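A.B. asks: what follows is a predicted structure for the sequence shown.
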Amino acid sequence: MALSMTMQRRAVKGVGNIWLFLMVLWTAIPFYWMVATSLKYDREIYGFDATLIPHQPTLANYVTILYDTPYLLFLRNSIIVAVGSTILSMIIACLGAYAIARLNFPGRALLARGLVFTYLVPTSLLFIPMFAMMSALRLTDSLHGLTIAYLGFDVPFCTWLLMGYFHSIPVELEEAGLVDGCNRIGVLLRIVLPLALPALVVVTFFSFTHAWNEFLYAHVFTSSDRVRTITTGLANFMTEDVFFWGPLMASTVISALPPVLMFLVLQRWVVQGLTLGGVKG
Amino acid sequence: MINLRMETSEMATSTSTSIRLPSAPPTVDLREKRIANFLLRDSTLGYIFLAPALLVIVGLVAYPFANAIVMTFQQKTAGAPGYFIGLRNYQELLANETFFRTVFNTAVYTGFGVGLKFCFGLSMALVLNQERRWNNLFRSFLLIPWAIPTVISALNWRWIYDDASGLINNVLVRLNLVSETISWLSDPSLAMMSVIVVVIWQGTPFFTMCFLAGLQAIPKELYEAAEIDGASVLQQFRYITLPRLQPIFLTAIMLSAILTSASIQFVYILTNGGPADRTQIFPTLAYNLALGGAQRLGMGATVSLFFFPLLVVLIVFLTRRMLREREE
């Protein structure tokens, strides 16, 4: 090579910085537009006087979305469904993952395979029969119906992630517990779960954000504002002809905040969890 | 635990003495022990622990899936029992031009979407793996689109693309680059491209995260040794980085292919399959047939099922791979 090593390195660094700058811009512009629109009056949003920067920043859109629309109700529904499905799937997944990771019984390997398989089956293949089933069970248009439906994704995924962590806990610790008179449940509660705390945090993050972000089931299974979650509620605002982008962008800002904040706080563990299992791509 | 057990056995003895049945305590004790033994035997407890998870998998994945297959042979609306019509759903679908357009669209959408996400993700990971000030800050920021609910990103982009006052048209007009605003989402020749751009915006961070983890696992010594041997930066990338990342490439691409082709949100929010079915993909076609107006659940299920063989190859392959990776 004609270029010296230092020259090459400097070139790579330069190209890297330029590319990084472009990537930051590309990522930031949609965010900027979302926040800027949410802070504008209508006359700055539409028509010939539309501006790129809010000249008279206002929180009016936020007031509109919170007080004049069912948005707060959607927010409440999302919280209920997300918290409910997270708690349920955590309990079910902890027990299941421990059984597969540690207990000896026939069919164990098959089950592990079945788990991965089921969580890879996308909901867009299942929503039609699920809709028929939920209608037959009269579970459509209800928050608990939606909570249960989300378990179909959360449980296999969480079980699969937790299995990996449980495997990595030295079995000697559990043996010590058993020798000291704990039973299996005691071992799980007092030894395994405290040690797997980081994993539990990751799993909580994934099932919470999954329920928060999920659209298809929420959209198909609900038909009244009373039980709509934010994703389907906002999509519905849009199809209801009246395009009010100011308040809509205000609501997207609010709706995006919880998962983004959680992600920023838990980033390191989330990335670790991703490499073990991977969600949404 | 042990304290608790001792207490109960003491209580058992005291009650038994008060009612004077000397033969009772040992049997009670024995039965208790037998139950405890039975419960704690690994296989029984294994099945008990697994029962709820199994119930979920069977009830919410396996049963609906089997049900979907049955539905493809039925004419069915929601809430009413279906009746069998043989292969007529399949026949109708295969005679329909929209269906073939959908197959083509899904291939384009998934191919370009995943391919470009891969390229952007890899370049982003390589750049973020360089040393620089505030790198952690950049990393966090660039990954945020992944954490945002897909519907929110789609809504946001729909507004960016807006015909009259969206950001892009706003800027283009301001800079006098166009005389008339461009209909990004309703122009048949632009719609698919516009949707794919959004898919890339949202999906790139997933690849970045996967590849960053892979890059950080490569020992620095390899690069040092290569440098001493006079390998150029490009050669280092070609002979160290790429081979080391390859296993992650495959897993990430397959996972993303499954999730991209099956996600309905982008197309549903941005174009709902239009204009003239130019962006219709499998999930939106299934949705529109099954729940958009006519409520033909059987037809919708048939569309999904046509899609499944393509997916199942990926799913089986990926399942195998993930299990193997876990074992290592």
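C.D. replies: Sure, I can see it.

A.B. asks: quick test: name the residue nearest the centre of chain B.
C.D. replies: residue B:259 (4.1 Å; Cα atoms, centre = their mean).

A.B. asks: list the buried residues of the helix or strand hosting that residue.
C.D. replies: Element membership of residue B:259, judged by DSSP states H and E, is helix B:242-262. Within helix B:242-262, the residues that qualify as buried by neighbour count (16 or more other Cβ atoms under 10 Å in any protein chain shown) are B:245, B:248-249, B:251-262. The way it works is simple: take the backbone N, C-alpha and C, and place the C-beta from them, glycine included.

A.B. asks: kindly report the same for stretch B:192-208.
C.D. replies: Quick answer for stretch B:192-208 (16+ other Cβ under 10 Å): B:192, B:194-208.

A.B. asks: and stretch B:176-193, how far apart are its ends?
C.D. replies: 23 Å (Cα to Cα, to the nearest Å).

A.B. asks: any idea how far that stretch is from the chain center?
C.D. replies: 30 Å (Cα atoms, centre = their mean, to the nearest Å).

A.B. asks: is that stretch anywhere near chain A?
C.D. replies: No. Under the criterion of Cβ under 8 Å from any Cβ of the partner chain, chain A is not reached by stretch B:176-193; the shortest gap measures 11.5 Å.

A.B. asks: who touches that stretch?
C.D. replies: B:105, B:108-109, B:158, B:161, B:163-164, B:166, B:168-169, B:172-173, B:194-195, B:270-271, B:274-276, B:278-279 (Cβ atoms under 8 Å, 6 or more residues apart in numbering or on different chains).

A.B. asks: and that stretch, average pLDDT?
C.D. replies: Averaged over stretch B:176-193, pLDDT sits at 89.

A.B. asks: ok, and for it, which residues are buried?
C.D. replies: B:181, B:182, B:183, B:184, B:185, B:186, B:190, B:191, B:192.

A.B. asks: and the fifth one, how far from residue A:193?
C.D. replies: Same thing as residue B:185. 49 Å (Cβ to Cβ, to the nearest Å).

A.B. asks: just the last one next, same as before
C.D. replies: Between residue B:192 and residue A:193 the distance, using Cβ to Cβ, works out to 48 Å.

A.B. asks: for residue B:174, grab the count of nearby residues.
C.D. replies: 10 (other Cβ atoms under 10 Å in any protein chain shown).

A.B. asks: go on, residue B:64?
C.D. replies: Counted with other Cβ under 10 Å, the neighbours of residue B:64 add up to 26.

A.B. asks: so it sits right up against residue A:126, yeah?
C.D. replies: Yes. Residue B:64 lies in contact with residue A:126 (Cβ atoms under 8 Å); the separation is 4.8 Å.

A.B. asks: tell me the contacts of residue B:276?
C.D. replies: residue B:188.

A.B. asks: name the helix or strand for residue B:272, please.
C.D. replies: Per DSSP H and E: residue B:272 is located in neither a helix nor a strand.

A.B. asks: now do the same contact list for it.
C.D. replies: Residue B:272 touches B:284, B:288, counting by Cβ under 8 Å, 6+ apart.
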